[in-house]
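J.: Got a sequence here, can you build the structure:
(chains A and B)
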Number of protein chains: 2
Amino acid sequence: MPISTIPPLNRCLEAQIQAKIDGKTKPPGALGQLETLAKQVALVQGSLNPQLTNPHLIVFAGDHGVAREGVSPYPQEITAQMVLNFVRGGAAINVFCRQNGIQLKVVDAGVNADFDPNLPIIHQKVAKGTANFLHEAAMSALQCQEALEAGAELLRKIHTATQCNVIGFGEMGIGNTSSASMLMSEICGLSLEKCVGRGTGHDDDGLQRKLNVLQAAQEKQQLSAQAADALQVLKTFGGFEIAQMCGAMQEAAALGMLVLVDGFIASAAFLVAQAMQPNLMDYAVFCHRSAEQGHRLLLEYLQAQPLLDLGLRLGEGTAAALAYPLLQNALAFLGEMAEFGDLG
Amino acid sequence: MPISTIPPLNRCLEAQIQAKIDGKTKPPGALGQLETLAKQVALVQGSLNPQLTNPHLIVFAGDHGVAREGVSPYPQEITAQMVLNFVRGGAAINVFCRQNGIQLKVVDAGVNADFDPNLPIIHQKVAKGTANFLHEAAMSALQCQEALEAGAELLRKIHTATQCNVIGFGEMGIGNTSSASMLMSEICGLSLEKCVGRGTGHDDDGLQRKLNVLQAAQEKQQLSAQAADALQVLKTFGGFEIAQMCGAMQEAAALGMLVLVDGFIASAAFLVAQAMQPNLMDYAVFCHRSAEQGHRLLLEYLQAQPLLDLGLRLGEGTAAALAYPLLQNALAFLGEMAEFGDLG
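T.: Residues are numbered from 1 along each chain as shown, chains lettered A, B, ... in the order given. Here you go, the predicted model:
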């Protein structure tokens, strides 16, 4: 089933929501970004008393053909090992989801490994890793469509089963900062130098090697004339985890859910999704400005104001899970704080 | 009883703590400030498995003689009204403490009002507001000492009663950004222009009036030669809520507690406390970089790296309460996350 259309935000309650916020016992605007956040959630839910229901976080995992070019200091096998770590509950994202009351789901979107089908993994592997975009498009048009729709379908299932109305997105995939940098460079029209960072652990040489590979790939694929076509960009340089996330984010917003955007890779998936459906922006909460240099520029491009800036560079959805308590606090202030009228 | 001496941090576990952090299933440093925070708490508690016990937040309230000079756009009566709002549970800090599982205590350190003694307020009023520091020292030497010791004594009581090992500090007091700016200017040796901000709601004219008053006060009191004497600075320009907080922060650290520092005024109290006992720094977690211009410079002076930057400008301890879940998550990662050895 195709991805649903994201409706524009219904702003008919906007003045009432703002009046409620301004009536709270504090100087106007004194709660800064929490006020903006509370207002956004109220608008998304079309309610003066928005509530967060069954928060979820999905980690999409996938492998990347371009990893063969040495763009990451880690071997590709780490992707599968980390998926097993997620399943065992030992990764950072497991800890943060438990701590903050978030339900975690792990998706095999395209890992280069065979997992035991009985493991609590959502098995929707498109293929065992993408093709190497240094030589050919990362995925076929069919694979790209399949990945987008698989992400969307998963969201419909989760929503139907749980009435979840807030969902975070994370990822795992050795080499996926390279993919994210390519998507960003093509869609934002920024040079690769600006979009490439150290990922999770390059030294200077590694960084230069990564940049050389990506520049060669960009030259080879020659997409610049079609830069406006997000689907083409995604197909050429994306990963299966990124494409599934891209579909899932759009479907989440179409279902009226809040979309919690994690770090650099999730933001790149968001960038593609938002290019496909600009209304997505109204449903998005940006959780972190990561240390990855491209991420700062990407957030600027999106005019996004993230909640945290903690020097995280792990992915997995960790920043989304860490930012979630701020969302809870924002709604608590909107719902529970006294208004001037109550003070007498 | 005088304030206790803060012991230097025992760093004998440092290498073991760092090894534990680096053994976690993530690239080294990938959890950014959460790693620094986890390490700090482990050092403060002298444990590889630090725990947070009975978190508290204390709001100290006090009035300021200088408020008569129009340094705040709000009338002094707001201080007492907000104390009653705290008691009723309707203020932002009540909401955030409830949301995050923090026990809130409200202290009358020197409010210009008579509260019903049966209200759940900790009554340790030094006087009904400080003297106007435009004309005379804000407090007598005796009052200053009394305030410092009352803050410390309260901490000893809370610690004995609850074994609390993490405590946030907030404040309420119309005019107290003026007091905080004076303390900062004297102790940091920075011009008042750099230390004065809009507080919770000045326009340009109000800001200029505030600056004029403070510059006149600084000229009148001529403390610059004695700038190294934090006690003299506190006595001359402080507030009772600031002085009690200053004593309380020192005692908290002396008792081995983590000290959560809120916004501009709490940071100014910290500045004075840290000048009295430099070891305090090791026990402090800075929770927010506020929109108040002076606060950014003050944090730079202290070389502090705050956890949040959300444009808050409310005080009350709100940033400390909002940052607390990050502290919980930092300890959860240290305690629960798998190590590479577990992965096989």
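
J.: Now name the helix or strand holding A:V107.
T.: According to DSSP states H and E, A:V107 maps onto strand A:103-110.

J.: A:E171 now?
T.: A:E171 belongs to strand A:166-172, assigned by DSSP H and E.

J.: So which elements touch that strand?
T.: Applying 3 or more C-beta pairs under 8 Å, 6 or more residues apart in numbering or on different chains; DSSP states H and E, one finds that strand A:166-172 contacts strand A:56-62, helix A:77-88, helix A:240-254, strand A:258-261, helix A:264-276, helix A:318-336. (Glycine included, C-beta is placed from N, CA and C.)

J.: packing partners for the third one?
T.: The reference is to helix A:240-254. So helix A:240-254, by 3+ C-beta pairs under 8 Å, 6+ apart, packs with strand A:56-62, strand A:103-110, helix A:141-162, strand A:166-172, helix A:176-188, helix A:230-237, strand A:258-261, helix A:264-276.

J.: cool, the fourth one as well?
T.: Here strand A:258-261 touches strand A:166-172, helix A:240-254, helix A:264-276, strand A:284-286, helix A:318-336, going by 3+ C-beta pairs under 8 Å, 6+ apart.

J.: so can I have CSV of these showing mean neighbour count, mean pLDDT and distance to B:A19?
T.: Output for the helices and strands packed on strand A:258-261, formatted as CSV (neighbours: other C-beta atoms under 10 Å in any protein chain shown; pLDDT from 0 to 100; distance: least, C-beta to C-beta, whole Å):
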stretch, mean neighbour count, mean pLDDT, distance to B:A19
strand A:166-172, 30, 98, 25
helix A:240-254, 31, 98, 32
helix A:264-276, 28, 97, 28
strand A:284-286, 24, 98, 34
helix A:318-336, 25, 98, 22
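
J.: mind checking which of these is nearest A:N100?
T.: Proximity to A:N100 (C-beta to C-beta) singles out helix A:318-336 among those, at 4.9 Å.

J.: So for the strand holding A:V107, mean pLDDT?
T.: Averaging pLDDT along strand A:103-110 gives 98.

J.: Now do it: distance to the chain's middle.
T.: 13 Å (C-alpha atoms, centre = their mean, to the nearest Å).

J.: So is it next to chain B?
T.: No - using C-beta under 8 Å from any C-beta of the partner chain, we find that strand A:103-110 stays clear of chain B, coming within 13.5 Å at best.

J.: Check stretch A:328-344 too.
T.: Yes - using C-beta under 8 Å from any C-beta, we find that stretch A:328-344 touches chain B at A:Q328, A:N329, A:A332, A:F333, A:E336, A:M337, A:A338, A:D342, A:L343.

J.: what's the closest of those to chain B?
T.: Each of those was scored against chain B by C-beta to the nearest C-beta, and A:A338 proved nearest at 2.7 Å.

J.: excluding its backbone neighbours, what's nearest that closest one?
T.: Closest residue to A:A338 apart from its sequence neighbours, by C-beta to C-beta, 6 or more residues apart in numbering or on different chains: B:G90 at 2.7 Å.

J.: before we move on, the earlier item: and the residues of stretch A:328-344 next to chain B, which two are the farthest apart?
T.: Within the residues of stretch A:328-344 next to chain B, two members stand farthest from each other by C-beta to C-beta: A:Q328 and A:L343, at 25.2 Å.

J.: Quick check: residues of the stretch 1-150 of chain A near chain B?
T.: So the stretch 1-150 of chain A meets chain B at A:24-34, A:74, A:81-82, A:84-85, A:88, A:90-92, A:94-96, A:98-100 (C-beta under 8 Å from any C-beta).

J.: Out of these, which end up buried?
T.: Buried members of the residues of the stretch 1-150 of chain A next to chain B, scored by 16 or more other C-beta atoms under 10 Å in any protein chain shown, are A:24-26, A:29-34, A:74, A:81-82, A:84-85, A:90-92, A:94-96, A:99-100.

J.: among those residues, which are in helices?
T.: Secondary structure from DSSP state H places A:32-34, A:81-82, A:84-85, A:92, A:94-96, A:99-100 of those in helices.

J.: Can you add pLDDT and give those residues back as JSON lines?
T.: Converted to JSON lines, these look like this (pLDDT from 0 to 100):
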{"residue": "A:G32", "pLDDT": "96"}
{"residue": "A:Q33", "pLDDT": "98"}
{"residue": "A:L34", "pLDDT": "98"}
{"residue": "A:Q81", "pLDDT": "96"}
{"residue": "A:M82", "pLDDT": "96"}
{"residue": "A:L84", "pLDDT": "97"}
{"residue": "A:N85", "pLDDT": "96"}
{"residue": "A:A92", "pLDDT": "98"}
{"residue": "A:N94", "pLDDT": "98"}
{"residue": "A:V95", "pLDDT": "98"}
{"residue": "A:F96", "pLDDT": "98"}
{"residue": "A:Q99", "pLDDT": "98"}
{"residue": "A:N100", "pLDDT": "98"}
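
J.: Out of those, the closest to A:K235 would be?
T.: A:M82 (25.5 Å).

J.: domain parsing for chain A?
T.: According to automatic domain parsing, chain A comprises the domains A:14-50+A:332-343, A:56-325.

J.: just to revisit the earlier point, kindly reformat the helices and strands packed on strand A:258-261 as a markdown table and extend each row with distance to A:K39.
T.: Shown next, in a markdown table, are the helices and strands packed on strand A:258-261 (distance: least, C-beta to C-beta, whole Å):
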| stretch | distance to A:K39 |
| --- | --- |
| strand A:166-172 | 16 |
| helix A:240-254 | 17 |
| helix A:264-276 | 20 |
| strand A:284-286 | 12 |
| helix A:318-336 | 8 |
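
J.: How about A:E316: what's its closest non-neighbour residue?
T.: In this structure, A:E316 finds its nearest non-sequential neighbour in A:I93, 4.0 Å apart by C-beta to C-beta, 6+ apart.

J.: pLDDT value on the one you found, please?
T.: Looking at A:I93, its pLDDT reads 98.

J.: That one - how many residues pack around it?
T.: Neighbour count for A:I93, taken as other C-beta atoms under 10 Å in any protein chain shown: 30.

J.: Settle this for me: it is touching A:V83, isn't it.
T.: No - with contact defined as C-beta atoms under 8 Å, A:I93 does not reach A:V83; the gap is 11.4 Å.
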